[in-house]
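Trainee: Mind looking at a prediction? Sequence and model below.
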Amino acid sequence: MITEPDKENEEETISGENNPVPALLMCPPRFYDVSYVINPWMRGNLGKASLSLAMQQWQKLCRVLSGMAHVLLVEPVAGSPDMVFTANAGLAHAGIVVISSFYYPERQNEETHFRRWFTDAGYRVADLPREIPFEGEGDALFSSNGLRLWVGYGYRTRESSHAILRDLWAIEVAGLHLVDPRFYHLDTCFAPLKDGSLLYFPPAFDKTSVARIEAYYPPAQRIVISEEDAMSFACNAVNIGKTIVLNRISSELECKLKVRGFQVIQVELSEFLKAGGAAKCLVMQLTPELHLQPLNHPVRPCN
């Protein structure tokens with residue numbers, strides 16, 4: 001069941017004065033396919049994605065999130081099948097967006113389209129040099145208090161990007177070295193939750209990074225997931241308030257999250273796992289103050 005905001009508090013929430021409705025960017029999978037191999041999940045899945053099933057799964061996710069957030073859509077572009085994974089469009093914070101500098105040429109065509117969307121939406125747009133790969137929110141996630149930016153590196157994002165991000169927002173940046181190619185983006189194995197806890201899969205990181213994580217999050221705030229849940233992209237979750245939306249997970253993990261007071265909504269996203277993505281990969285967090293609308297405002301249908 002999707003929870004609507006309190007009607008009596010709706011005006012205050014929409015106004016943005018205290019707690020604006022979250023804003024998310026999504027892209028319909030109109031041209032989605034597995035048409036090349038740039039991560040281990042794609043191997044063996046070339047041409048095997050069902051476009052009709054992918055659309056059904058994406059629409060379900062979009063409808064669920066639209067009940068809790070203001071969902072905006074960017075138009076998909078033929079020839080860019082991975083554009084549906086909008087988490088990789090860039091990193092937005094406080095009205096500034098750093099457009100991704102994609103590591104693989106197969107995705108570099110997306111940059112122009114995302115840059116145009118953010119420019120039209122009123123963001124200050126920042127670009128990184130082509131020689132410094134950075135893949136946006138796929139590899140950069142804020143702690144729940146917004147004071148630390150965790151940035152993964154090793155596969156798609158270079159460590160040299162960290163200083164640029166630190167200077168741009170004057171924030172603390174902590175690097176995490178990814179060492180398992182199955183978890184090539186940070187958001188596939190690491191999920192800071194709104195209650196200050198962390199959902200993560202330690203084997204995806206080197207020992208120094210695990211120590212860095214565990215120095216920041218005390219034991220009571222760490223939720224270590226099994227390899228089975230990691231392979232189902234349990235960390236690739238969208239957390240809005242006390243609700244967590246993700247792909248199918250084990251009953252054990254679901255119980256752990258519910259004990260912490262979270263409502264858990266599981267949405268089947270099997271078609272997107274074929275390309276190495278799930279719920280979080282399909283969503284990018286926006287600066288809500290730039291998109292103030294009533295929660296039920298019909299911006300675009302989820303299609």
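Mentor: Perfect, thanks for sending it.
Trainee: mind listing the helices for the stretch 51-200 of the chain?
Mentor: The residue ranges that make up the helices of the stretch 51-200 of the chain, judged by DSSP state H, counting those that start in this stretch, are 51-66, 105-108, 110-120, 161-169.
Trainee: Export the first one to PDB, keeping only CA atoms.
Mentor: What follows is helix 51-66, C-alpha atoms only, in PDB (Å, rounded to 0.1, in the frame of the first residue of the first chain):
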ATOM      1  CA  LEU A  51      10.800  -4.800 -24.000                       C
ATOM      2  CA  SER A  52       7.200  -5.400 -23.200                       C
ATOM      3  CA  LEU A  53       8.000  -7.000 -19.800                       C
ATOM      4  CA  ALA A  54      10.600  -4.300 -19.100                       C
ATOM      5  CA  MET A  55       8.000  -1.600 -19.700                       C
ATOM      6  CA  GLN A  56       5.500  -3.300 -17.400                       C
ATOM      7  CA  GLN A  57       8.100  -3.600 -14.600                       C
ATOM      8  CA  TRP A  58       9.200   0.000 -15.100                       C
ATOM      9  CA  GLN A  59       5.700   1.300 -15.000                       C
ATOM     10  CA  LYS A  60       5.000  -0.600 -11.800                       C
ATOM     11  CA  LEU A  61       8.100   1.000 -10.200                       C
ATOM     12  CA  CYS A  62       7.100   4.400 -11.500                       C
ATOM     13  CA  ARG A  63       3.600   4.200 -10.200                       C
ATOM     14  CA  VAL A  64       4.900   3.100  -6.700                       C
ATOM     15  CA  LEU A  65       7.400   6.000  -6.600                       C
ATOM     16  CA  SER A  66       4.800   8.500  -7.900                       C
END
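Trainee: helices or strands up against it?
Mentor: With contacts defined as 3 or more C-beta pairs under 8 Å, 6 or more residues apart in numbering; DSSP states H and E, the packing partners of helix 51-66 are strand 23-26, strand 243-246, helix 270-273. Where C-beta positions appear, they are placed from N, C-alpha and C, glycine not excepted.
Trainee: One more: the third one?
Mentor: Using 3+ C-beta pairs under 8 Å, 6+ apart as the contact definition, the elements that helix 110-120 packs against are strand 90-93, strand 96-99, strand 124-127.
Trainee: can you tell me which of the ones you listed comes nearest to M42?
Mentor: Proximity to M42 (C-beta to C-beta) singles out strand 90-93 among the helices and strands packed on helix 110-120, at 22.3 Å.
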